[in-house]
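Visitor: Fold the stuff below for me.
(chains A, B and C)
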Amino acid sequence: MKKQNNKNLFNKVYKIVRDVPKGKVTTYGDISMRLSSEVGVPSKRWARMVGFALHANTDSHTPCHRVVNKEGRIAPGFAFGGPDEQRKRLEAEGVRFLDRTHVDLQKHAISIHSS
DNA sequence: GATCTGACTATCT
DNA sequence: AAGATAGCCAGAT
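Guide: Predicted structure coming up:
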């Protein structure tokens, strides 16, 4: 056994993202906090890994479009084929957009603390 | 094995 | 308030 922790980290990200209900969005910060719970450290350190994990798995069946940064902003243009695509998906799920790139976190940001 | 990069966040200017 | 810089970790080159 060694540091398969790292892989678990990615795996957790996918799992959490998939656990996000439709019409809801989660933030890198929240996921990071969840991960930090496992490792036992403060949050923001894994924020990048979360984004990385999603980017590494974008074409997978992971609803990365439900993952936004702490501002509720979607990916600038690296996503699926354009932030417009991601926005469309979220809107289709019932997510209210405050801006072309910002979702209504106050309404859709779910906190996935403890299972 | 060393260095750069990156879908982030927080802080400083 | 908006832009630039720093700090973090893991992956890719």
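Visitor: Return the set of buried residues in the longest helix anywhere in chain A.
Guide: The longest helix of chain A (DSSP state H) is helix A:5-18. Applying a neighbour-count criterion of 16 or more other Cβ atoms under 10 Å, one finds A:9, A:10, A:12, A:13, A:14, A:16, A:17 buried in helix A:5-18. Glycine gets a C-beta too; all of them are placed from N, C-alpha and C.
Visitor: pLDDT at the spatially most central residue of chain A, what is it?
Guide: The centroid of chain A falls nearest to residue A:67 when counting by Cα atoms, centre = their mean (2.8 Å). If you check residue A:67, the pLDDT there is 93.
Visitor: again, but for residue A:38
Guide: Listed pLDDT for residue A:38 reads 65.
Visitor: ok, now the one 5 residues further on?
Guide: For residue A:43, the pLDDT comes out at 71.
Visitor: pretty sure it is in contact with residue A:32, am I right?
Guide: Yes - between residue A:43 and residue A:32 a contact is recorded at 4.6 Å, counting by Cβ atoms under 8 Å.
Visitor: Compare the two and say which one has the larger neighbour count.
Guide: residue A:32 (23 against 16; other Cβ atoms under 10 Å).
Visitor: got the contact list for the more buried one?
Guide: Residues in contact with residue A:32 (Cβ atoms under 8 Å, 6 or more residues apart in numbering) are A:43, A:44, A:45, A:46, A:47, A:49, A:50.
Visitor: name the element it belongs to?
Guide: For residue A:32, the element it lies in under DSSP states H and E is helix A:28-39.
Visitor: ok, now which ones touch the nearest residue to residue A:22 once chain neighbours are set aside?
Guide: Nearest residue to residue A:22 in three dimensions, chain neighbours excluded: residue A:93, at 5.0 Å (Cβ to Cβ, 6 or more residues apart in numbering). Residue A:93 sits next to A:22, A:23, A:66 when contact means Cβ under 8 Å, 6+ apart.
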